[in-house]
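> I need the structure of the sequence given here:
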Amino acid sequence: MTGSLPLRPRLRALRAEAFGADASGARLERIRRSPNFADGAFQNPVKGRTRPSGSMAEFARVYFHKEQRIRRSPAAPIPVYPTTLAELAKAPVSGLRVTWMGHSSVLVEIDGRRVLFDPVWGQRCSPYSFAGPKRLHPVPVPLASLGEVDVVVISHDHYDHLDLPTIKALAGTNTVFAVPLGVGAHLERWGVPAGRLRELDWNEATEVAGLTLTATPAQHFCGRGLRNQQTTLWASWVVAGEEHRVFHSGDTGYFPGFKDIGAAHGPFDATMIQIGAYSEYWPKDHEDRTPDPGPWPDIHMTPDEGIRAQLDLQGGAAHGVLLPIHWGTFNLAPHPWSDPAERTMIAARNVGQAVAVPKPGEPFEPAGKVPVDPWWRPIAAPGFAWERWVNYREEPVGPGERGTVEPDAGLDLVGEA
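Numbering: from 1, shown residues only. Below is the predicted model:
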C-alpha cells in the first residue's frame, strides 16, 4: 500500500498501551552513548543471571503445588492502617517521615518535600486487567487523596514498579518524574510532558524542589514485553535534602557496589531495601538447613543479603532505620508470604540493625518510635519449613549465609520491648 508504514512500526503502534514505548531519536542516541550500554543492551555492574536457570520443571512443580500456593498468600485479610490520611495531614516532627504503601511503593516526606517511590495503585502488576499477579490488600490511601507530590521516582520499568493507571493519574498533576535512562519513553506515551521528566544514567543527579536525586547502580534487568530489548535502565536512588538523606534500592541482587554508594552518598537516615520475591525456597520435607536456590538468584536479594547491603550502605556498621520493601502485596515468588519479614527481622537482630515493619499505610518517623510489631503472624499460613533451622546462629551475616536467632530471643530492634 502506497504511503503505508513498514510492518514493524505498524505492529508497535498496535501493541497494548501498557507495554509502553521504545526509545528513539535523541533518547536512543543518549542510551547508546551510555558507559553502561554495550552490545545492544544495558549491562549490570557484575555479571549475573537475569533469566531462569536450572530445572524449571522442578521449580514449576513446587510453584504450582497446592500446599505451596496456600503458603504464598495470607490466610486472612491483610490489616491496612486505618488513619493514614489523618497522620499525613500533620507535618513530621523530625522532618523525615516514611509511609509504606505496600510492595515497593513508599511516600517519603523529607525536609518539607514529598517523594513518591515506585507508585503502584493498580489491582494487578500486569499489562492486562484480567490476568497477572493481583494485589493482596487494598491500597491504603486513594491516589487522589494523597495530596501534592513534589517528585515521583521510578526504579525500573517492570509492572510491579511502573504501573500504567497510576502514572496516567499522576500525569495530570504537576509532579516531576525522576526515572532511569530510557524509561521516559514509556511515560511520554502515557501523557507525561517531556518537560516534567528527569531521565538519568547511573551516578547522574538532578535537583528538584531543593532535593538532590541521584540514580545509583543496581543489579537487575528491564522490560515490559516478550521481546525484551534491555534498552531501559534500572536503578537504585539516593534522595538528599538539607538535613536528611534516604536510599531506595529498587529491585536488585546483592553486589559490591553498595559499598561505593554508601561511601559516596551515605550514611542514610532511612533505607528502603528489597528483601522479598527472591527465588530460593524450602520445598516440602526439605532436610537441609539451607534452601534450594531457585531459578533466578542474581537479581533479587534475600533478607540476609538485604541486611548485608544495609551495612555496606552505612559504612560497615548498623545505622539508621531499614524499611523492608518488595514483599507482602503481590505473590511473585515461591517462598511463603511472610518469610521475607520474619527473616529480615532475624538477620537484622543478629547485627543490631533497626528495622521498621509497618502495616501498609502506617507512617513512621525514623527518629521516633519505629513500628516493630509482627502484625503478619496471626494471618500467615502455617508450616514454614525454614523455621526448623531458627535455633542455630551464624555470624557474620553475608551473601549466601543464613544468620538466625533463637525463637524466644525477641524481635525488639529499637530497644522498646
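
> How confident is the prediction for residue 360, by pLDDT?
The score at residue 360 is 98. That number is its pLDDT.

> quick thing: my sequence starts at 50, can you match it?
Will do, 50 is the new start, and the previous item becomes residue 409.

> Just say helix, strand or coil for it.
What DSSP: H, G, I helix; E, B strand; the rest coil gives for residue 409 is coil.

> all helices for the protein, in order.
Using DSSP state H, the helices of the chain run over 56-63, 74-82, 105-112, 115-120, 133-137, 213-220, 233-238, 306-314, 352-362, 388-400.

> Now tabulate these in JSON lines and tack on mean pLDDT, distance to residue 324 and mean neighbour count.
For every residue, glycine as well, the C-beta is placed using N, CA and C. As requested, the helices of the chain are exported to JSON lines (pLDDT from 0 to 100; distance: least, C-beta to C-beta, whole Å; neighbours: other C-beta atoms under 10 Å):
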{"stretch": "helix 56-63", "mean pLDDT": "47", "distance to residue 324": "37", "mean neighbour count": "10"}
{"stretch": "helix 74-82", "mean pLDDT": "97", "distance to residue 324": "30", "mean neighbour count": "13"}
{"stretch": "helix 105-112", "mean pLDDT": "59", "distance to residue 324": "20", "mean neighbour count": "13"}
{"stretch": "helix 115-120", "mean pLDDT": "67", "distance to residue 324": "18", "mean neighbour count": "14"}
{"stretch": "helix 133-137", "mean pLDDT": "97", "distance to residue 324": "23", "mean neighbour count": "16"}
{"stretch": "helix 213-220", "mean pLDDT": "97", "distance to residue 324": "23", "mean neighbour count": "19"}
{"stretch": "helix 233-238", "mean pLDDT": "97", "distance to residue 324": "26", "mean neighbour count": "21"}
{"stretch": "helix 306-314", "mean pLDDT": "98", "distance to residue 324": "14", "mean neighbour count": "19"}
{"stretch": "helix 352-362", "mean pLDDT": "97", "distance to residue 324": "4", "mean neighbour count": "27"}
{"stretch": "helix 388-400", "mean pLDDT": "94", "distance to residue 324": "5", "mean neighbour count": "24"}
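
> Relative to residue 170, which of these is closest?
helix 213-220 (4.5 Å; C-beta to C-beta).

> on contacts alone, who are the packing partners of the closest one?
If you count contacts as 3 or more C-beta pairs under 8 Å, 6 or more residues apart in numbering; DSSP states H and E, helix 213-220 packs onto helix 233-238.

> residues making contact with the helix it packs on?
Residues outside helix 233-238 that contact it (C-beta atoms under 8 Å, 6 or more residues apart in numbering): 66, 69-73, 76, 206, 211, 216, 220, 226, 228, 241, 243, 246, 248, 273, 281.

> rewinding a little: between the helices of the chain, which gets nearest to residue 186?
Nearest of the helices of the chain (C-beta to C-beta): helix 133-137, 12.9 Å.

> how distant is the closest one from the center of its chain?
Counting by C-alpha atoms, centre = their mean, to the nearest Å, helix 133-137 is centred 23 Å from the centre of its parent chain.

> same deal with stretch 181-195?
When C-alpha coordinates are averaged (C-alpha atoms, centre = their mean), stretch 181-195 and its chain have centres 16 Å apart.

> residues in contact with it?
Residues beyond stretch 181-195 that count as contacts (C-beta under 8 Å, 6+ apart) turn out to be 122-123, 126-127, 129-130, 133-134, 137, 148, 150-151, 156, 165, 168, 170-175, 208-209, 215, 218-219, 377-381, 386, 409-410.

> Please repeat the previous calculation with a cut-off of 7 Å.
Judged by C-beta atoms under 7 Å, 6 or more residues apart in numbering, the contacts made with stretch 181-195 from elsewhere in the structure are 122-123, 127, 129-130, 133-134, 150-151, 170, 172-175, 215, 218, 378-381, 409-410.

> again with stretch 202-209
With contact meaning C-beta under 7 Å, 6+ apart, stretch 202-209 is reached by 69, 152, 164, 166-167, 169, 174-176, 210-211, 226-229, 232, 235, 262, 269, 271, 273, 281, 283-286, 297, 299-300, 379, 381.

> For residue 89, grab the count of nearby residues.
By the other C-beta atoms under 10 Å criterion, the neighbourhood of residue 89 contains 9 residues.

> While we're on it, how confident is the model there?
For residue 89, pLDDT reads 92.

> From residue 74, how far off is it?
Between residue 89 and residue 74 the computed distance is 17 Å (C-beta to C-beta, to the nearest Å).

> Any stretches of the stretch 50-199 of the chain with poor pLDDT?
Judged by pLDDT under 70, the stretch 50-199 of the chain has its weakly predicted residues at 50-64, 99-118.

> just the strands in it please.
In the stretch 50-199 of the chain, strands defined by DSSP state E, counting those that start in this stretch lie at 86-87, 90-91, 145-151, 154-159, 162-166, listed in chain order.

> out of the ones you listed, deepest packed?
The highest mean neighbour count among those, using mean count of other C-beta atoms under 10 Å, belongs to strand 145-151: a mean of 25.

> how deep is the residue nearest to residue 367 when sequence neighbours are not counted tucked in, by neighbour count?
Take residue 367 and drop its neighbours on the chain: the residue closest to it by C-beta to C-beta, 6 or more residues apart in numbering is residue 402, 4.1 Å away. The local packing count at residue 402 equals 23, with neighbours defined by other C-beta under 10 Å.

> Would you check that residue 402 makes contact with residue 356?
Yes: with contact taken as C-beta atoms under 7 Å, residue 402 and residue 356 are classed as touching, separated by 6.2 Å.
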